[in-house]
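Enquirer: Just the structure for this:
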Amino acid sequence: MNIDNLILLEPENVDNFYPFSILHPIWELRTGTFKIFEKAQKLFNCNNLLFKGRAKQKNTFLKKYNIPNKKLVKGNALFLYSNLDFNTQLLNTLIEQLIDCKINSKLILNDNTIGYYFHQNTDLENFNINEDNDISTHFQNQTINKINLTNIKINSYLWDYIYNIGDTISDDINYLKFFNLISDNISNNYYENVITINPNNIFIGNEVKISPSVVLDASQGPIIIDNNSQIMPQSTIIGPAYIGKNTKIKIGAKIYYNTAIGEHCKVGGEIEDSIIQAYTNKQHDGFLGHSFLSEWVNLGADTNTSDLKNTYSNITVRLRNDEIKTNKMFLGLLCGDHTKSAINTQFNTGTVAGICGILVKEGFLPNYLPSFVWGGKKDSPTYRVDKAINVAKIVMARRNIELSDLDEELIRDEYKLLR
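Expert: You can find the predicted model right below:
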């Protein structure tokens, strides 16, 4: 099935993905080997990938990845909400339903609209991808069929992605192979004194350095180590796991199953069931479990997260002003961009921290830490926005990256919400 236009939509409830959603569109979220927009493009193999969502976050994203702000081309168009679980099951389900479809259709999952399909004869010339309004208003005068779908998933919160990591990485292997994005499995490479278990399920990119005494155990799922990464001595990685491009795994690290680490990170200590976006450091000893770290986060030495209550009860979290029952027994830290923890920091179960925080406090920090908090006590001061931006610029410049004016504007917008 050929898709001429693939348009990723942000869900209406973007605050459900707080704190990542402060500075990022949802389609930039890493779900495994790929970010959402990367996996969507691979699934549908569509050259004309477009985006519709909050204008500032979208424009920041386009500039960051040097993506042109495209227009719809002649042909059919598939609009999908970006919090769908983009995997082979989704692709196969849509192919089955749409391959002979000649009627404009609304895609329904459990009474919720998850996307739209418009056949090749639809007039899309007046559709403005940059307008900040509901997509349905563009086609309210057209006849639209309803297609009820099953066997696909939609993610409502960040922790849904955490719980899907293993399945996602296993599905990603098909597209890494098809698009020749990974060079070979480790059985066709030679690394001195590296212990491998199920080596046919261990995939190594180009220019990867793996030191002696490393253990790679792919008996429970694949291990993907992407280009120019380094695995230092005495580290253990248990799959399913993904190690991103230019990322360094420090001496003695213990990377358990269901972990996805983005590009340009430095990681040590003990990690399991977690997603780490790009340019984030957790270099030292300490435990990170069932957690999500956004970009430019730095966790100080011996920072630890609790991801299980002593009562073994389900966890409730606060997202801005809303208390959400997760229905999950395991959940650690959800952390926003540019937030830093001091040495020996202790995060309680189900902690949410906003952007640009300086987190330091004796004992456990509160379960909810708003953006720009300095400390973590009830009477802690607010981190001045000009100072926070200046520090962000210094940190990013060390990686030869400049904080864009668009990013700075988004940071200041978040600060205004606190006043």
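
Enquirer: who's in contact with the helix or strand hosting Asp160?
Expert: For Asp160, the host element (DSSP states H and E) is helix 158-178. Contact with helix 158-178 is made by 17, 20, 29, 31-34, 39, 42-43, 85, 87-88, 153, 155, 181-182, 203, 221-222, 224, 239-242, 257-260, 273-275, 290-292, 326, 328, 331, 334, as judged by C-beta atoms under 8 Å, 6 or more residues apart in numbering. For glycine as for every other residue, the C-beta is placed from the backbone atoms N, C-alpha and C.

Enquirer: Let's see that with 6 Å instead.
Expert: 17, 31-33, 42, 87-88, 155, 182, 221-222, 240, 242, 258, 260, 273, 290, 292, 326, 328, 331, 334 (C-beta atoms under 6 Å, 6 or more residues apart in numbering).

Enquirer: Counting only helices, which of those residues make the cut?
Expert: Residues of the contacts of helix 158-178 located in helices (DSSP state H): 42, 88.

Enquirer: Now a ChimeraX select for only the buried ones of the contacts of helix 158-178.
Expert: To isolate the buried subset of these in ChimeraX, counting by 16 or more other C-beta atoms under 10 Å, use the following:
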select :17,31,32,33,42,87,155,182,221,222,240,242,258,260,273,290,292,326,328,331,334
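
Enquirer: Worst mean pLDDT across the helices and strands of this structure, which element?
Expert: Between all helices and strands in the chain, the lowest mean by mean pLDDT, DSSP states H and E belongs to strand 184-185, at a mean of 66.

Enquirer: ok, and for the helix or strand that that strand is followed by, which residues are buried?
Expert: Next helix or strand after strand 184-185 toward the C-terminus (DSSP H and E): strand 195-197. Neighbour-count burial for strand 195-197 flags Thr196 (criterion: 16+ other C-beta under 10 Å).

Enquirer: pull the longest strand from the chain.
Expert: strand 112-118 (DSSP state E).

Enquirer: Can you give the distance from the helix or strand just after that strand to the centre of its chain?
Expert: Sequence-wise, the next helix or strand downstream of strand 112-118 (DSSP H and E) is strand 145-148. Distance, stretch centre to chain centre, for strand 145-148: 30 Å (C-alpha atoms, centre = their mean, to the nearest Å).

Enquirer: With stretch 297-317 instead?
Expert: 19 Å.

Enquirer: got the buried residues for that stretch?
Expert: 297-308, 315, 317.

Enquirer: Give me the domain ranges for this protein.
Expert: As assigned by automatic domain parsing, the chain contains the domains 5-148, 158-416.

Enquirer: highest average neighbour count across the ones you listed?
Expert: domain 158-416 (a mean of 19; mean count of other C-beta atoms under 10 Å).

Enquirer: Figure out the length between the terminal residues of that domain.
Expert: End-to-end distance of domain 158-416 (C-alpha to C-alpha, to the nearest Å): 24 Å.

Enquirer: One more: stretch 148-165?
Expert: OK, stretch 148-165 end separation, C-alpha to C-alpha: 26 Å.

Enquirer: How far off centre is it?
Expert: 13 Å.

Enquirer: any idea of the mean pLDDT for it?
Expert: Across stretch 148-165, pLDDT averages out at 96.

Enquirer: what's the answer for stretch 287-297, then?
Expert: Here the average pLDDT along stretch 287-297 is 98.

Enquirer: helix/strand/coil for Gln97?
Expert: helix (DSSP: H, G, I helix; E, B strand; the rest coil).

Enquirer: doesn't Ile147 make contact with it?
Expert: Yes - Gln97 is within contact range of Ile147, at 5.3 Å (criterion: C-beta atoms under 6 Å).
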